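Asks: no sequence on this one, just coordinates:
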């Protein structure tokens, strides 16, 4: 048994009942269950449609995301999340670069690294080298003035944790940022690189492999299976954990990243991860 979930940006509700009914009828689906008026709805399917991705592409033009997944086990017991451009709306190293006057150069490197065009470790070293000379108090200034949470994040964390889920924040960025964001959103733990003023950053660099290791280590520690995990990210260094998790969500991801993921959210915000698990708006906490 499968479940088809359709959703859109909560700030731009555009999910029409006629659209849902038309698709349900075409695919022979079960009754429509509205999770949020004009924003999210789902219906059951006996089989996965052959034209799923053609329909997905058509719906993208309407500002609607479509996800089809197995019904069994879709409510997860753990959230494993990337931070930059996922739980927050910025790339922290890009914001530091703006303060250092090298914003354009660093943003270019970041974009290429996140799209899988550059080696992550080398790209991080190059970007941090461009920040040489920045005073340490700039980090606090960037956090206070430039960093904003991704819409839907507080509801995602509060709702999953109220249902007993564990939440881990894993970033290729720096603990100076993840510790603040983790505290704001009530993550149970966070992992990232340690930024050292003298040397630029500590080792080892937490890249793609480290995120997979976090998935492996935390699930073993908690006695969970990888199928119990919902992972979310947007960059090439997230692909390892997205591919291993029971539900790997490419959120507003780079094209090359989304192409490797079956769950792609391009229009919805982080509350999409709740709708995908069958939570209704009335179930949200926080």
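Replies: Yes, it's here. Because the structure is a prediction, the values reported are computed rather than measured.
Asks: state which strand of this protein is the longest.
Replies: strand 166-174 (DSSP state E).
Asks: show me what counts as buried in the helix-or-strand element of the chain with minimal mean pLDDT.
Replies: Taking mean pLDDT, DSSP states H and E as the measure, helix 120-129 is the helix or strand of the chain with the lowest mean score, a mean of 79. If you call a residue buried by 16 or more other CB atoms under 10 Å, then helix 120-129 has these buried ones: 120, 121, 123, 124, 127, 128. (C-beta placed from N, C-alpha, C; glycine too.)
Asks: just put these in CSV and tack on distance to residue 49.
Replies: Shown next, in CSV, are the buried residues of helix 120-129 (distance: CB to CB, whole Å):
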residue, distance to residue 49
120, 36
121, 41
123, 39
124, 41
127, 43
128, 46
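Asks: the inter-axis angle of the least confident helix or strand of the chain versus strand 166-174?
Replies: Counting by axes from the mean of the first three to the mean of the last three CA atoms, to 10 degrees, helix 120-129 lies at 60 degrees to strand 166-174.
Asks: list the helices and strands helix 120-129 packs on?
Replies: If you count contacts as 3 or more CB pairs under 8 Å, 6 or more residues apart in numbering; DSSP states H and E, helix 120-129 packs onto helix 92-100, helix 103-114.
Asks: nearest to residue 57, of these?
Replies: Ranking those by proximity to residue 57 (CB to CB) places helix 103-114 first, at 22.9 Å.
Asks: distance between the closest one and the chain's centre?
Replies: Here helix 103-114 is found 19 Å from its chain centre; the criterion is CA atoms, centre = their mean, to the nearest Å.
Asks: pLDDT on that helix, on average?
Replies: For helix 103-114, mean pLDDT rounds to 87.
Asks: with stretch 145-156 instead?
Replies: Taken as a whole, stretch 145-156 has a mean pLDDT of 96.
Asks: which residues are contacting that stretch?
Replies: Defining contact as CB atoms under 8 Å, 6 or more residues apart in numbering, one finds that stretch 145-156 is touched by 10-11, 79, 85-90, 92, 95, 98, 177, 180-181, 184-185, 268-274, 284-286.
Asks: C-terminal to the longest helix anywhere in the chain, what's the next element?
Replies: Ranked by residue count and defined by DSSP state H, the top helix of the chain is helix 208-222. Sequence-wise, the next helix or strand downstream of helix 208-222 (DSSP states H and E) is strand 229-233.
Asks: so for that following strand, mean pLDDT?
Replies: Per-residue scores along strand 229-233 average to 98.
Asks: so after that strand, what's the next helix or strand?
Replies: helix 239-244.
Asks: what sits up against that following helix?
Replies: With contacts defined as CB under 8 Å, 6+ apart, helix 239-244 is touched by 80, 116, 170, 208-209, 211-212, 214-215, 226, 229, 231-233, 248-250, 257, 260-261.
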